[in-house]
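Visitor: Pasting the sequence and the predicted coordinates here, then a few questions.
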Amino acid sequence: MKSFNWSLFLGSCVIGIAIIIAGILISGNLPSTPVIPSSLSVSTSDVSTEPREFMSAYEASAFLMIGIDDFDAFVDSTQLDGTFTVIEGNRVFSKEKLTQWLDSQFKN
């Protein structure tokens, strides 16, 4: 039968107590969390569903009613060239030019 290892037991206790004390000290220095009022309400009734004049790729794909992957394929295939401009590395799509492109697709 093995004898009880007191040094291992005491070392584990010291480490456990140190972790608890460190947690208490750290939590005492955290900023307090603001209380959220129980009467908080959010309304989406004033949100416009009308597309904006300039749109992100996600908004433009929703405007054209196609998935974002299909939309990205159109952009990569240069079919949508002229419908967007690049601003700081992001494509910004024009609603007017997307509408013109869409009309041209149905005329053919």
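Guide: Looks like it came in fine. What you see is a predicted model, and the numbers here were worked out from it, not measured in a lab. Residues are numbered from 1 along each chain as shown.

Visitor: what's the helix or strand for the residue most central in space within the chain?
Guide: Closest to where the C-alpha atoms of the chain average out (Cα atoms, centre = their mean) is Y58, at 12.7 Å. Using DSSP states H and E, Y58 maps to helix 57-63.

Visitor: Give me the mean pLDDT for that helix.
Guide: The predicted model gives helix 57-63 an average pLDDT of 90.

Visitor: Next secondary structure element downstream of it?
Guide: helix 68-76.

Visitor: List the buried residues for that following helix?
Guide: F71, F74, V75 (16 or more other Cβ atoms under 10 Å). Placement of C-beta: from N, CA and C, glycine included.

Visitor: How far off centre is it?
Guide: Computed by Cα atoms, centre = their mean, to the nearest Å, the chain-centroid distance of helix 68-76 equals 20 Å.

Visitor: how about it as CSV, C-alpha atoms only?
Guide: Taking Å, rounded to 0.1, in the frame of the first residue of the first chain, the C-alpha atoms of helix 68-76 are listed here in CSV:
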residue,chain,number,x,y,z
ILE,A,68,-24.2,36.1,-51.9
ASP,A,69,-22.2,33.3,-53.4
ASP,A,70,-23.9,33.7,-56.8
PHE,A,71,-23.5,37.4,-56.5
ASP,A,72,-19.8,37.1,-55.9
ALA,A,73,-19.5,34.8,-58.9
PHE,A,74,-21.1,37.6,-61.0
VAL,A,75,-18.6,40.1,-59.7
ASP,A,76,-15.7,37.8,-60.2
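
Visitor: Fine by me, we can end here.
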